[in-house]
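Chemist: Following is a predicted model, sequence given first.
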Amino acid sequence: MYIEKSAQHKRQKGFTLIELITVVVIITTLFVIVLANYRSGQLKQAIVQAEKKLISDLRRAQNMAISGTSVNNQYYGYGIYMDIGSGGNNKSYIIYGEKEQGSQSYNQGVDVIIETIALPEKTIIQEVSSANQKLGIFFEPPDPKTYIDSSPQSNQATIILRGENDASLTKTITVNNAGLIQGN
């Protein structure tokens with residue numbers, strides 16, 4: 001009898017195969033859920049970061065116009081230009097200094113590119129309010145006066161950022177002709 005109890009006691013100490021499989025399935029399920037939420041959170045954070053950077057760069061161009069900042073030569077104002085149309089780039093934009101007085105828009109080859117800003121990975125400019133998918137926002141000193149697509153009468157420019165492979169996550173930036181820059 002003692003031998004039977006000892007053998008029975010030894011069998012009861014371990015886990016059954018079904019118990020082990022159940023634990024592995026539960027851990028795998030939790031891991032998949034955490035990983036999916038992590039990737040979604042990464043993309044959301046990248047879009048928020050892109051929005052804040054674009055707003056900051058718009059304000060930077062505006063402040064350079066207010067202060068009359070000059071990098072190498074005299075500029076007649078500062079602006080941001082993005083071209084997401086055919087042949088353009090929906091993953092970056094430029095900050096430029098205008099060399100030609102009275103233009104109030106970006107002229108390639110004439111104006112000076114101060115900096116080209118790349119959006120965070122997996123983030124793109126989905127849309128701009130301009131019909132030709134090219135948008136210029138220009139600040140003319142000293143006030144600064146705001147020009148949207150070289151017109152001081154344009155009411156507002158809209159820029160929509162989104163995830164490269166996920167159209168459900170978007171951020172919208174607006175700039176009005178009074179120079180108010182907002183994001184949502």
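Modeler: Thanks, I have it.

Chemist: which strand in the protein runs the most residues?
Modeler: Longest strand in the chain by number of residues (criterion: DSSP state E): strand 166-176.

Chemist: In it, which residues are buried?
Modeler: 171, 173-175 (16 or more other C-beta atoms under 10 Å). Every C-beta, even on glycine, is put in place using the N, C-alpha and C of the backbone.

Chemist: tell me which of those residues is nearest to Tyr81?
Modeler: Top of the list for closeness to Tyr81, among the buried residues of strand 166-176 and by C-beta to C-beta, is Val175 at 12.9 Å.

Chemist: Would you confirm that the closest one contacts Thr146?
Modeler: Yes. Applying C-beta atoms under 8 Å, one finds Val175 in contact with Thr146, separated by 7.0 Å.

Chemist: Tell me the secondary structure at Ile113.
Modeler: Assigned by DSSP: H, G, I helix; E, B strand; the rest coil, the conformation of Ile113 is strand.

Chemist: Next, count neighbours for Arg162.
Modeler: Around Arg162 there are 22 other residues, counting by other C-beta atoms under 10 Å.

Chemist: Ok, Val128 next?
Modeler: Neighbourhood size, Val128 [other C-beta under 10 Å]: 25.

Chemist: Correct me if wrong: it contacts Ile137.
Modeler: No. The pair Val128 / Ile137 is not scored as a contact, 9.8 Å apart, by C-beta under 8 Å.

Chemist: so where is the protein shaky, pLDDT-wise?
Modeler: Low-confidence segments of the chain, defined by pLDDT under 70, span residues 1-12, 69-73.
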